[in-house]
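**Q** Have a look at this prediction, sequence included:
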Amino acid sequence: MTYACASLSLGFPVFAGKFLAGPNSDQYIAGYAFREFGASVLRATGQFPLWNPYLFGGMPYVAAMHGDIFYPTFLLRMLMPTDVAMTWGFIIHHFLAGLFTHRFLRASGFGFYGSLFGGVAYMMSGQLASLVSPGHDGKLFVSALFPLTLWMLTRGIRDGKAWSWGILAIVIGLAVLSPHPQLLQYLLLASAAFTIYLAVSASKRDGIARREMLIRMAFALGAVVLGLAMGAIQYLPVREYVAWSPRAGGLADYRLATSYAWPLKELFDAYLPQFSGMIDRYWGENGIHFHSDYLGVVSMVLAGAAFSRLKSDPRKGLILFWAVTFVVALLWALGGHTPFYRIPYVIIPGTRFFRAPATVFFVGAMAMAVLSAAGIERVLTRQLSRRYVYGWLGFAGIVVLVGSLGGITSIAQSFAPVEAVDVVVSNSLEVIKGAWRSFAFVLAAAIAILLYARAKIPLAVTGWALALIAAFDSWTIMRDYWSFGRPASIAYASDPAIEQIRRESQPARVLALELERSGFRDPNLGGDGLMVHRVRNVLGYHGNQLGRYNVLLGKDKGFEQIINPNIWHLLNIRFLLTNTQLVDPLFPGARRIAGPVKDAAGATVYLYRLPGENPYAWITPVIVKAADDAVLSTVRDSRFDIRRAALFAEDAPVTAQENVTTLPERLAIEATVSNYAPGKVTLALDAPAPPGSALVVSENYYPGWVAEVDGRPAAIGRADFSLMGVQLPTGARNIELTFRSAPYERGRLITLIALVMALLLVAFGIVRERGRIG
């Protein structure tokens with residue numbers, strides 16, 4: 001009940017129908033569109049979608065990853081509106097983080113009040129509770145599963161409970177399906193270290209035979225393997241996609257891999273979260289900082305207390321393990337700010353594909369929870385010296401004094417880049433108030449500790465008081481990060497410009513751009529809001545779109561090719577949606593057809609029709625094969641008429657004409673789309689195809705697309721650098737394109753088998769345990 005109240009104290013606006021997706025949230029910009037699309041297709045067809053045609057020229061829905069497709073939260077979206085389900089997904093996992101931590105700590109031998117406090121410390125830490133601000137649900141899911149993983153390892157490795165292995169496999173499977181591969185890696189690494197600690201400590205303490213312990217560790221490894229297999233439905237498609245993704249060769253360099261680390265000069269945020277500025281007041285080197293690194297001053301006071309009289313504590317080994325874990329997590333989170341990160345970057349597989357090493361610190365938050373649980377027990381057994389408490393009061397008092405005199409702001413000014421000095425100055429009052437706030441909670445905790453030490457209040461009152469003070473301490477900060485927005489029905493409402501696009505009889509893409517700075521985020525102009533209305537966007541917000549599409553548009557140079565008329569033709573761009581009337585310099589010949597109108601975000605937008613037919617598909621009289629570099633430069637060249645030749649990749653399974661020196665003239669044949677759905681397109685030609693011709697379709701090519709021409713299989717491959725091309729037999733009239741995914745089909749079967757095996761393992765363990773008790 002305590003943890004439920006803590007979660008609902010932050011999430012109560014859900015009862016008013018509000019959506020937990022503020023202006024800084026990825027869920028507002030993209031996450032809602034991903035999930036609404038997936039839920040609607042699943043409801044309509046009973047199948048998960050495999051292709052997303054609405055962003056970046058099209059991409060595989062499962063392989064490119066679109067959030068928690070297969071994680072159990074998809075069931076919530078079957079039962080309630082998508083935005084409501086997403087909000088409850090955050091709230092439920094925030095609650096579970098506290099509950100699972102409590103159960104893990106109880107299993108580790110801590111008393112009720114220590115475990116109660118540890119659960120509060122973990123769930124209310126900035127590393128978890130503030131993740132709703134940037135909308136990082138996958139991170140929260142894995143963070144909530146982490147203590148459950150530790151709990152099952154404790155029951156299995158230390159206690160030999162056979163039922164724990166099946167549950168552990170399911171938990172790992174859920175972590176895989178979250179899907180957040182980076183935090184999954186951190187969870188597995190931390191859990192592996194904890195497994196070794198448990199094996200060594202249990203063998204020494206309980207005298208467990210080496211053979212028995214090796215068997216338990218083998219079961220733990222087997223459970224992890226089974227859990228990884230449970231994620232096959234997601235990760236077999238992802239594995240195939242890696243070679244096609246923007247990160248095919250890993251991140252560009254060490255500097256990029258260490259971006260969004262925790263800067264050394266911002267460590268003080270753990271005590272004073274206002275130091276580097278909260279949310280929009282942030283002045284630090286990472287540019288944006290939508291989460292909080294606040295650990296909670298009460299939790300910090302109690303965590304330090306864990307080291308008082310440590311030698312006599314029977315849990316000394318556990319405390320030292322988590323103390324070392326805290327240090328390692330901190331060094332890892334600091335990324336390139338210390339030499340330490342070179343070690344995992346070089347030796348741990350997969351690390352080169354990830355940036356934002358600071359995200360590892362949910363492991364540090366768990367370490368804080370364990371240490372603070374031990375600290376509570378020091379307090380309740382009156383083993384904590386008063387000098388320690390007075391030391392914290394002195395430190396908090398010094399921070400208040402220095403902050404009130406402007407010293408902390410002066411330090412911040414010396415750290416901040418020149419362009420952010422004004423932000424630091426404007427944040428000075430918040431720093432002063434924050435210093436007093438932190439002091440007040442240190443004082444409140446100190447009063448409770450000292451009153452109990454003098455036998456002025458009973459043990460139960462002290463235990464509950466410290467937990468409630470810690471919860472309120474973090475709540476006063478985290479409430480700013482739980483930013484609710486309007487219901488999705490309002491936030492993504494249609495407008496006349498969108499309706500004008502939807503009236504188009506043939507598939508068309510819109511180039512949605514914010515050409516004038518507006519000061520707020522508009523999901524239609526800088527995100528995936530148009531996807532909600534099934535409007536195909538040239539760009540969008542994703543990050544894992546097909547790598548060749550990025551190259552085609554010149555992403556590394558700010559998508560410079562979007563003003564190229566050849567690109568308009570290639571990508572079926574018929575519309576420009578923007579927030580200014582001054583478009584002629586970049587888009588000459590654009591004709592306004594709607595606007596000014598207000599969109600759902602409040603922006604004044606205009607809709608333009610771009611010059612040219614720019615159809616969804618066209619017929620070329622000749623097929624040519626060439627290297628990618630040559631194809632790229634050719635299709636970008638305004639002198640090249642893309643309707644006169646289909647330029648296929650050298651490995652495409654089509655027959656090309658040799659020694660083409662002069663391109664034939666355009667064909668008069670037109671292709672019309674008679675049916676268009678995600679992953680399935682039917683086209684008809686208004687005249688029979690001549691020999692040697694090809695159909696080029698303005699949809700990204702990816703393995704899994706198959707073509708049938710007049711009911712017979714036809715050769716299909718990558719054409720015009722990134723698009724689909726189909727070799728047409730003589731006389732062809734009807735073409736059907738379908739996207740299938742063999743890795744998905746294999747992965748689905750493996751996932752189902754692994755899930756059944758895990759459930760059988762749980763049942764076997766329960767039966768065995770009952771037999772042992774009997």
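**A** Done, it's in.

**Q** just checking, what's the longest helix in this protein?
**A** In the chain, with assignment by DSSP state H, the single longest helix is helix 742-773.

**Q** what sits against the residue lying closest to Leu131 once chain neighbours are set aside?
**A** Excluding its sequence neighbours, the residue lying closest to Leu131 (Cβ to Cβ, 6 or more residues apart in numbering) is Leu140, at 4.7 Å. (C-beta placed from N, C-alpha, C; glycine too.) Going by Cβ atoms under 8 Å, 6 or more residues apart in numbering, Leu140 touches Phe90, His93, His94, Ala97, Leu128, Leu131, Val132.

**Q** go on, Gln47?
**A** So Gln47 contacts Val41 (Cβ under 8 Å, 6+ apart).

**Q** quick one on the thing from earlier: and the next helix or strand past the helix or strand containing the residue nearest to Leu131?
**A** Secondary structure assigned from DSSP states H and E places Leu140 in helix 137-153. Downstream of helix 137-153, the first helix or strand assigned by DSSP H and E is helix 163-176.

**Q** who does that following helix touch, helix- and strand-wise?
**A** helix 137-153, helix 181-206, helix 210-230, helix 742-773 (3 or more Cβ pairs under 8 Å, 6 or more residues apart in numbering; DSSP states H and E).

**Q** State the distance from the closest residue to Arg740 other than its chain neighbours to Tyr28.
**A** Leaving aside its chain neighbours, Arg740 sits nearest to Gly704 (5.3 Å; criterion: Cβ to Cβ, 6+ apart). Per Cβ to Cβ, to the nearest Å, Gly704 is found 31 Å from Tyr28.

**Q** ok, these two, which is more surrounded?
**A** More crowded of Gly704 and Tyr28, by other Cβ atoms under 10 Å: Tyr28, with 28 against 19.

**Q** I figured the more buried one hits Leu20, correct?
**A** No. The pair Tyr28 and Leu20 does not pass the contact test of Cβ atoms under 8 Å, sitting 9.6 Å apart.

**Q** list the residues that contact both of these two?
**A** Common contacts of Tyr28 and Leu20 (Cβ under 8 Å, 6+ apart): Gly485.

**Q** which residues of the stretch 501-650 of the chain fall in strands?
**A** Secondary structure of the stretch 501-650 of the chain by DSSP state E, counting those that start in this stretch: the strands cover 509-513, 536-537, 573-578, 591-598, 604-609, 617-620, 623-625, 646-648.

**Q** Include mean neighbour count, distance to Val41 and mean pLDDT when you put those into JSON lines, please.
**A** Converted to JSON lines, these look like this (neighbours: other Cβ atoms under 10 Å; distance: least, Cβ to Cβ, whole Å; pLDDT from 0 to 100):
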{"stretch": "strand 509-513", "mean neighbour count": "25", "distance to Val41": "20", "mean pLDDT": "97"}
{"stretch": "strand 536-537", "mean neighbour count": "26", "distance to Val41": "16", "mean pLDDT": "98"}
{"stretch": "strand 573-578", "mean neighbour count": "24", "distance to Val41": "24", "mean pLDDT": "98"}
{"stretch": "strand 591-598", "mean neighbour count": "15", "distance to Val41": "29", "mean pLDDT": "95"}
{"stretch": "strand 604-609", "mean neighbour count": "21", "distance to Val41": "27", "mean pLDDT": "97"}
{"stretch": "strand 617-620", "mean neighbour count": "24", "distance to Val41": "23", "mean pLDDT": "98"}
{"stretch": "strand 623-625", "mean neighbour count": "21", "distance to Val41": "34", "mean pLDDT": "96"}
{"stretch": "strand 646-648", "mean neighbour count": "28", "distance to Val41": "31", "mean pLDDT": "97"}
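
**Q** mind checking which of these is nearest Val62?
**A** For the strands of the stretch 501-650 of the chain, proximity to Val62 was assessed by Cβ to Cβ; strand 536-537 is nearest, at 19.2 Å.

**Q** Other residues contacting that closest one?
**A** Contact partners of strand 536-537, identified using Cβ under 8 Å, 6+ apart, comprise 53-56, 507-512, 528, 530-531, 572.

**Q** Please state the offset of that strand from the chain centre?
**A** In terms of Cα atoms, centre = their mean, to the nearest Å, the centre of strand 536-537 is found 22 Å from the chain centre.

**Q** And the helices in the stretch 401-550 of the chain?
**A** 407-415, 421-426, 428-453, 459-478, 488-491, 496-502, 523-526, 547-553 (DSSP state H, counting those that start in this stretch).

**Q** I misspoke; the intended subject was the stretch 601-750 of the chain.
**A** Secondary structure of the stretch 601-750 of the chain (DSSP H, counting those that start in this stretch): helices at 628-636, 742-773.

**Q** now the longest helix of the chain against helix 210-230, angle please.
**A** Interaxial angle, helix 742-773 versus helix 210-230 (axes from the mean of the first three to the mean of the last three Cα atoms, to 10 degrees): 140 degrees.

**Q** Helix 742-773: how far from the chain's middle?
**A** 28 Å.

**Q** Helix or strand next in line after the least confident helix or strand in the chain by mean pLDDT, which one?
**A** Among the helical and strand segments of the chain, the one scoring lowest on mean pLDDT, DSSP states H and E is helix 254-257, with a mean of 86. Using DSSP H and E, the helix or strand that follows helix 254-257 in sequence is helix 297-305.

**Q** Rounded mean pLDDT for that next one, please.
**A** Here helix 297-305 scores 96 as its mean pLDDT.

**Q** Output the contacting helices and strands for the helix or strand following it.
**A** Once the chain leaves helix 297-305, the next helix or strand it forms, by DSSP H and E, is helix 316-333. Judged by 3+ Cβ pairs under 8 Å, 6+ apart, helix 316-333 is in contact with helix 181-206, helix 362-380.

**Q** what's the angle from helix 316-333 to helix 297-305?
**A** Angle of helix 316-333 versus helix 297-305, following the same axes, to 10 degrees, is 130 degrees.

**Q** Counting by contacts, list what the following helix or strand past helix 316-333 packs against.
**A** Going down the chain from helix 316-333, the next helix or strand is helix 342-347, by DSSP H and E. Applying 3+ Cβ pairs under 8 Å, 6+ apart, we find helix 342-347 packed against helix 254-257.

**Q** Alpha carbons of the helix it packs on, as PDB, please.
**A** C-alpha atoms of helix 254-257 as PDB (Å, rounded to 0.1, in the frame of the first residue of the first chain):
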ATOM      1  CA  TYR A 254      34.500   6.800 -28.500                       C
ATOM      2  CA  ARG A 255      33.400  10.400 -28.200                       C
ATOM      3  CA  LEU A 256      29.900   9.600 -29.500                       C
ATOM      4  CA  ALA A 257      29.700   6.400 -27.400                       C
END
